[in-house]
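> sequence and predicted structure are below.
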Amino acid sequence: MIDTFDVSSFVAAALKAHRPVVALETTLVTHGLPYPEGVEAAKKLENEVVSAGAVPATIGVLDGRVRIGLTLDELHRLAQEQDTAKLNLSNFAAQVASGRPGSTTVAATLFVAARVGIEVFATGGIGGVHRDVGESFDVSADLHALARHPVAVVCAGAKAVLDLPKTVEVLESLGVPTFGYHTAEFPAFYRRESGIPIDCRFDALETLADAVRSHFSLGMGTGVVVANPIPEDHELPLGLYEPALATALREAAERRVRGREVTPFLLEKMRELTEGSSVFSNVALLQNNARLAAALAGALSER
């Protein structure tokens, strides 16, 4: 069997020494923000992880190889290639085989992290159940990946453009626990609160790490959602958030945007309708999640 996984020397050394490592995705770089903003945001996240005492492992696909620990030059290349695909579990293998570049979604990053032994992953928000699920049957592969790969995903809940109550219900059905850090509610991405209760609240990093380690040690085989609300001073004001979201959803329906294009379309509309405020909030919550993920990885490495 040909091993198509290239783990950088820094990440490999950290894993071998049981030092904390945090996986980072690359869809942000290629589809979430325009070039070079996506690369700049990715480097900020890596710096947050390093500052908190962990090793960042940014993941992507280049030249038929799965790269774990992308260099800055590789990030620039990934962002500038014209045919970089947004990778989930269904198109991952074909893209690797083709030799064409690919950026990893939450689902794909979860798969790679679990494959190489990384226990913690930081992202903005997970995918989930789409609001028109009754017609489209659109449920993100992220949820199924969480049900298959034992990795703790630190996030600000699910992307606000999704059906959050149904998303939490599906996570419960799949056996994926939702742990809140300083919250008893599932965050709503740009907003700190949704009114949707989660499985357990933790106010100390140590007890959160104990619960995550216990989940992994029991061998349940599923991941863990660590819900980390956006910092209060970066939360989108309700008066800006609600009308922008309503308009974005209406335009997506009118234009019949479907499949993998839905979330990028909605996030770009939110950027436009909030005059960039949503991007300001998005980057802030990403950095906040990277800090917590690094701290959690450090605590888990001691258990």
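Nice, I can see it.
> and the strand or helix carrying residue 171, what does it pack onto?
In this structure, residue 171 sits in helix 164-173 according to DSSP states H and E. The contact analysis (3 or more Cβ pairs under 8 Å, 6 or more residues apart in numbering; DSSP states H and E) places helix 164-173 against helix 141-148, strand 178-181. Quick note: C-beta positions are derived from backbone N, CA and C, even for glycine.
> as JSON lines, these with mean neighbour count would be great.
Below are the helices and strands packed on helix 164-173 laid out as JSON lines (neighbours: other Cβ atoms under 10 Å):
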{"stretch": "helix 141-148", "mean neighbour count": "22"}
{"stretch": "strand 178-181", "mean neighbour count": "21"}
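> okay if I get these as JSON lines plus distance to residue 95 and mean pLDDT?
Formatted as JSON lines, the helices and strands packed on helix 164-173 follow (distance: least, Cβ to Cβ, whole Å; pLDDT from 0 to 100):
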{"stretch": "helix 141-148", "distance to residue 95": "14", "mean pLDDT": "97"}
{"stretch": "strand 178-181", "distance to residue 95": "31", "mean pLDDT": "98"}
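> so which of those is nearest residue 102?
Set against residue 102 and scored by Cβ to Cβ, those come closest in helix 141-148, at 14.2 Å.
> tell me which of the helices and strands packed on helix 164-173 lies nearest to residue 254.
Comparing these by Cβ to Cβ, helix 141-148 comes nearest, at 25.9 Å.
> which residues does that closest one contact?
88-90, 105-108, 110-111, 126-129, 153, 167, 170-171, 174-176, 221-223, 225 (Cβ atoms under 8 Å, 6 or more residues apart in numbering).
> just the buried residues of stretch 44-55, please?
45-46, 48-49, 52, 54-55 (16 or more other Cβ atoms under 10 Å).
> actually stretch 261-269, not the one I wrote
Under 16+ other Cβ under 10 Å, the buried positions of stretch 261-269 are 262-263, 265-269.
> ditto for stretch 167-186
167-168, 170-171, 176-181, 183, 185-186.
> chain center to the longest helix anywhere in the chain: distance?
The longest helix of the chain (DSSP state H) is helix 277-301. Put simply, helix 277-301 sits 10 Å off its chain's centre (Cα atoms, centre = their mean, to the nearest Å).
> I'd like to know which elements it is packed against.
strand 21-24, helix 37-51, strand 120-122, strand 152-155, helix 205-217, strand 224-227, helix 262-273.
> and the shortest one, what does it pack onto?
Strand 120-122 sits against strand 21-24, helix 106-116, strand 152-155, helix 277-301, with contacts defined as 3+ Cβ pairs under 8 Å, 6+ apart.
> what's in contact with the lowest-mean-pLDDT helix or strand in the chain?
Lowest mean confidence among the helices and strands of the chain (mean pLDDT, DSSP states H and E): helix 133-136, at a mean of 79. Helix 133-136 has contacts (Cβ under 8 Å, 6+ apart) with 130, 139, 163, 166, 258.
> mind pulling the model confidence for the residue nearest to the second one when sequence neighbours are not counted?
Just to be clear, that refers to residue 139. Excluding the flanking residues, the one nearest residue 139 by Cβ to Cβ, 6 or more residues apart in numbering is residue 129, at 5.3 Å. Looking at residue 129, its pLDDT stands at 94.
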